[in-house]
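*Asks:* sharing a model prediction with you, sequence too.
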Amino acid sequence: MEIPVITITKIILYAVMVFFAILFIFPFFWMVSVGIRSGDEIFVKPILLLPGHLQILDNLKATLGLFDYFGNLKNSIYVCVLGALGTTISSAMAAYAFARLRWRGRNIFFGLTLSTMMLPFAAYMIPYYLIFQRLGLLGTLVPLWLPYCFGGAFNIFLYTQFFRGIPEDLSDAAKIDGCSELGIFARIILPNSKAILATVFVFHVAWMWQEFLIPLVFCPSGEKYTLAVGLQSLQGGSNPPPWEQQLMGATIGSLPLLIIFALTSKFFVRGLSFSGLKE
Amino acid sequence: MPFLGKSKKRLYSTLTVLIFLSPWIIGFSVFLVIPMCTALYYSFTNWDVFSPIKWVGLENYLMLPKDGIYTKAVYNTMYFIIITVPLNLSFSLFLALLLNTGLRGYKVFRTIYVIPFIMPLVATGMVWRWIFNDTYGLLNYLLSSVGIKGPPWLTSVQWVKPAIIIVNLFLIGQQIVIFLAGLQNMPDTLYDAAKVDGANWMHRLKDVTLPLLSPVILFNAVIIVIGSLQVFTLPYCLSWVATSAGQGQGGPAYSSTFYVMYLHTRAFENLQLGRACAMAWVFFIITMIFTYLLFRLTRKWVFYQV
């Protein structure tokens, strides 16, 4: 009598999970489905779930003509990778000081660091912008990656959690052998932290890739647009391009990130999980 | 390095610490502290880029409540937070619990639930703009097939915010993963004890799981609150204003103008930097208050494992 009940429960649970999976993936499916069809299959009723008549290449060509996809793509890659490299190293360094070194005021400063995570960008974005104006860096992509080369609170937080978990014996042994702290950092901590390094890198790329407000503020000219801003321009104010082109644009705009995600999903999930645990 | 005198060793350590911390100290001061302080200064002036800076004291702050759009923006943001936080928390917890039942292949589902969170927000905004279209959009079409006449979502004063809330609900992948990690990290001992005492799944959920999960719930709540306060991209992409002002304003009748959007407009379109900086500092204070309240109010029920 017990077996059927368990099986029914399982079926129900699976059904619910599948239902939500379909729900969650539907917008993406819809985006592609509308993006690859021709305009006359859009304003029809009943609404067609799948296009009867594919128009992929035409839509693609038309969409590429609407905004500088490859230029924006290049900008996005440039900005995200540089920023990711910068924050991966600099945040790790700061986290080492918080996690592995003992010094007066450490906990206070760590608390202060964490609290900056709650600092809304909007609260300081104006003077932030002005700093770059004074430096003459407006109109370049520099503001979009340089600040992150000096560390980021969330990444420092992630690293610190992780570094705390590395056994002290390893660094003690190295110290006895006469290794300097820098040496310990480079030769012991970093090699043991490959997973978290990769996670921080991937996180930054994913975050910066689709960040919209910051590039919007700093890149008012088309050629320096990142993909996020370029995509948005497709929505066109008073004279928007046809829907299939907009959504084709959305599709090709999402593709790079989805590919990255597909390749690195392990790191994502691990990193997200890690941030919520108190170890 | 060995056998350094005590004082020399201290100096060495301080220097080392500074070497490791220096990038962050620079970043922290130059890109966070200095802008915040400068913003505070500007908020007491009437700077608008063209005219010379003049100290105006609290005028910018006092003018805020009189600004109709500002009060609307505050109202919209509060509305959004009050609905979004419990909604997203419960929904993501629900899905995490579902995933935690240990069914095979749950990882695939977890990945699927995360995908909308990963997708560029602008692209998400564009799809939903189409889904919410009042004549040919999918949502109203589905509603009409069950006999309900769907509202003109994005152009309706009452329905624009619920529309944004709906889209936001799809972005809970991050919360789901965090909850799931917390759930998977539970000690079995308490569960076994509960089972021995004859507790069924509902009791286990209420009396073991939820209390143990409370720090994670708080963590997610903070993330959602802070994210909701700063909501910008979604309303920017979804808002439709049938005027030449175009997008980003929040409409119709400013019913989807949120705080950061309005700040952005004041600063970068109206160039009223003094006023915008006042808004920015008020925003900071509001964020701090919310965070403090969140921690305070939940102190009674957040249970930290020893």
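*Replies:* Structure's in. What do you need?
*Asks:* please report how far the residue in the stretch 51-200 of chain A that chain B sits nearest to lies from residue A:13.
*Replies:* Using Cβ to the nearest Cβ, residue A:150 is the residue of the stretch 51-200 of chain A that sits closest to chain B, at 2.7 Å. The way it works is simple: take the backbone N, C-alpha and C, and place the C-beta from them, glycine included. Taking Cβ to Cβ, to the nearest Å as the criterion, residue A:150 is separated from residue A:13 by 47 Å.
*Asks:* and if you look at residue A:248?
*Replies:* 37 Å.
*Asks:* these two: which is more packed in?
*Replies:* Using other Cβ atoms under 10 Å in any protein chain shown, the more surrounded residue of residue A:248 and residue A:13 is residue A:248, with 29 against 16.
*Asks:* A helix includes that one, no?
*Replies:* Yes - per DSSP: H, G, I helix; E, B strand; the rest coil, residue A:248 lies within a helix segment.
*Asks:* point to the residue nearest the middle of chain A.
*Replies:* Centroid-nearest residue in chain A: residue A:206, 1.7 Å away (criterion: Cα atoms, centre = their mean).
*Asks:* give me the element residue B:94 is part of.
*Replies:* Element membership for residue B:94, per DSSP states H and E: helix B:68-99.
*Asks:* centre of the chain to that helix, how far?
*Replies:* From the chain centre to the centre of helix B:68-99 is a distance of 9 Å (Cα atoms, centre = their mean, to the nearest Å).
*Asks:* mind giving me the packing neighbours of the helix or strand just after it?
*Replies:* For helix B:68-99, the following helix or strand on the C-terminal side (DSSP H and E) is helix B:106-118. Applying 3 or more Cβ pairs under 8 Å, 6 or more residues apart in numbering or on different chains; DSSP states H and E, one finds that helix B:106-118 makes contact with helix A:2-35, helix A:243-276, helix B:68-99, helix B:173-184.
*Asks:* what residues are up against residue 223?
*Replies:* All of this refers to chain A. Counting by Cβ atoms under 8 Å, 6 or more residues apart in numbering or on different chains, residue A:223 makes contact with A:68, A:71.
*Asks:* actually, chain B is the one I wanted.
*Replies:* Residue B:223 makes contacts with B:174-175, B:178, as judged by Cβ under 8 Å, 6+ apart.
*Asks:* okay, now the unreliable bits of chain A?
*Replies:* Residue ranges of chain A with pLDDT under 70: A:1-3, A:220, A:222, A:236-238, A:277-279.
*Asks:* and with 50 instead?
*Replies:* Within chain A, the stretches with pLDDT under 50 are A:279.
*Asks:* mind giving me the domain ranges of it?
*Replies:* Domain ranges of chain A: A:2-55, A:67-233, per automatic domain parsing.
*Asks:* report the distance from the first one to the chain centre.
*Replies:* On the basis of Cα atoms, centre = their mean, domain A:2-55 sits 26 Å off its chain's mean C-alpha point.
*Asks:* just give the closest residue to residue A:122, not the sequence neighbours.
*Replies:* Leaving aside its chain neighbours, residue A:122 sits nearest to residue B:260 (4.4 Å; criterion: Cβ to Cβ, 6 or more residues apart in numbering or on different chains).
*Asks:* distance of that neighbour relative to residue A:255?
*Replies:* Taking Cβ to Cβ, one finds residue B:260 at 28 Å from residue A:255.
*Asks:* again with residue B:76
*Replies:* Using Cβ to Cβ, we find residue B:76 at a distance of 33 Å from residue A:255.
*Asks:* let me see the domain layout of chain B.
*Replies:* What automatic domain parsing lists as the domains of chain B is B:1-43, B:62-297.
*Asks:* which of these is buried the deepest?
*Replies:* Greatest average neighbour count among those goes to domain B:62-297 (a mean of 18), per mean count of other Cβ atoms under 10 Å in any protein chain shown.
*Asks:* what's the average pLDDT for that one?
*Replies:* Across domain B:62-297, pLDDT averages out at 84.
*Asks:* quick check: phi and psi at the residue of the stretch 1-150 of chain B found nearest chain A.
*Replies:* When scored by Cβ to the nearest Cβ, the stretch 1-150 of chain B has residue B:27 as its residue closest to chain A, at 2.7 Å. The phi/psi pair for residue B:27 (degrees, to the nearest 10) reads phi -60, psi -50.
*Asks:* do the same with residue A:167
*Replies:* Phi and psi for residue A:167, reported as degrees, to the nearest 10, are phi -60, psi 140.
*Asks:* now do the helices in the stretch 151-300 of chain B.
*Replies:* Taking DSSP state H, counting those that start in this stretch as the test, the helices found in the stretch 151-300 of chain B are B:160-169, B:173-184, B:188-196, B:201-204, B:210-229, B:233-238, B:259-264, B:273-297.
*Asks:* and residue B:112, which of those helices is closest to it?
*Replies:* Residue B:112 lies closest, by Cβ to Cβ, to one member of the helices of the stretch 151-300 of chain B: helix B:173-184, at 8.9 Å.
*Asks:* that closest one vs chain A: in contact?
*Replies:* Yes - judged by Cβ under 8 Å from any Cβ of the partner chain, helix B:173-184 comes into contact with chain A at B:174, B:177-182.
*Asks:* next up, the contacts around residue B:195.
*Replies:* residue B:204.
*Asks:* same thing but at 10 Å, please
*Replies:* By Cβ atoms under 10 Å, 6 or more residues apart in numbering or on different chains, the contact list for residue B:195 reads B:188, B:201, B:203-204, B:208.
*Asks:* between those, which is closest to residue A:58?
*Replies:* Set against residue A:58, the nearest of the contacts of residue B:195 by Cβ to Cβ is residue B:201 (54.5 Å).
*Asks:* many thanks, have a good one.
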